[in-house]
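Novice: Here's a sequence, model it:
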Amino acid sequence: FGKRADPFVDRILVASALITMAYRGMIPLWGLFLILFRDLYLTVGFLLLKEKNRKELSVTTAGKLTTFCIITSIVVLLAGIEPLGFYIFYAGCLMSIISGVHYTIKAYRVIFA
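Specialist: Coordinates of the predicted model:
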């Protein structure tokens, strides 16, 4: 149970921090929506893939880098190091797009292999 629940709990914690930061004007709303959409898209996609094909996709380097950038940006922005925090946040947004596309391609290959 813990192995499956841990990523979801991590996502909820990160989403809570990002929502709070967006509410306080610390990050742009478009970035919040981008990250939340990607997480929801991937979560639903992983669940559907597992249900239909009984296969799981492994975590990719792009996915790990995305998470690293987003969590690091939260810490850096909360520490008040704004220029650096924003750069890392924007890198996390870019990596969200890249990793989302990457996971979509991987899922497509699993489904149609």
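Novice: next structured bit after the host helix or strand of Asp39?
Specialist: Assessed by DSSP states H and E, Asp39 sits inside helix 29-53. On the C-terminal side of helix 29-53, the closest following helix or strand by DSSP H and E is helix 61-78.
Novice: Okay, buried residues for that next one please.
Specialist: If you call a residue buried by 16 or more other CB atoms under 10 Å, then helix 61-78 has these buried ones: Ala62, Gly63, Thr66, Thr67, Cys69, Ile70, Ile71, Thr72, Ser73, Ile74, Val76, Leu77. Just so you know, the C-beta spots here come from the backbone N, C-alpha and C atoms, and that holds for glycine as well.
Novice: What are the contacting residues of stretch 95-103?
Specialist: Defining contact as CB atoms under 8 Å, 6 or more residues apart in numbering, one finds that stretch 95-103 is touched by 34-35, 38, 41-42, 45, 57, 60, 62-63, 65-66, 69-70.
Novice: The most centrally placed residue in the chain - nearest residue in space that isn't next to it in sequence?
Specialist: Central residue of the chain (CA atoms, centre = their mean): Asp39, 4.9 Å from the mean position. Leaving aside its sequence neighbours, Asp39 sits nearest to Arg11 (CB to CB, 6 or more residues apart in numbering; 5.4 Å).
Novice: What is the neighbour count of that neighbour?
Specialist: When neighbours are defined as other CB atoms under 10 Å, Arg11 has 17 of them.
Novice: Next: Ser96.
Specialist: By other CB under 10 Å, neighbour count at Ser96 equals 25.
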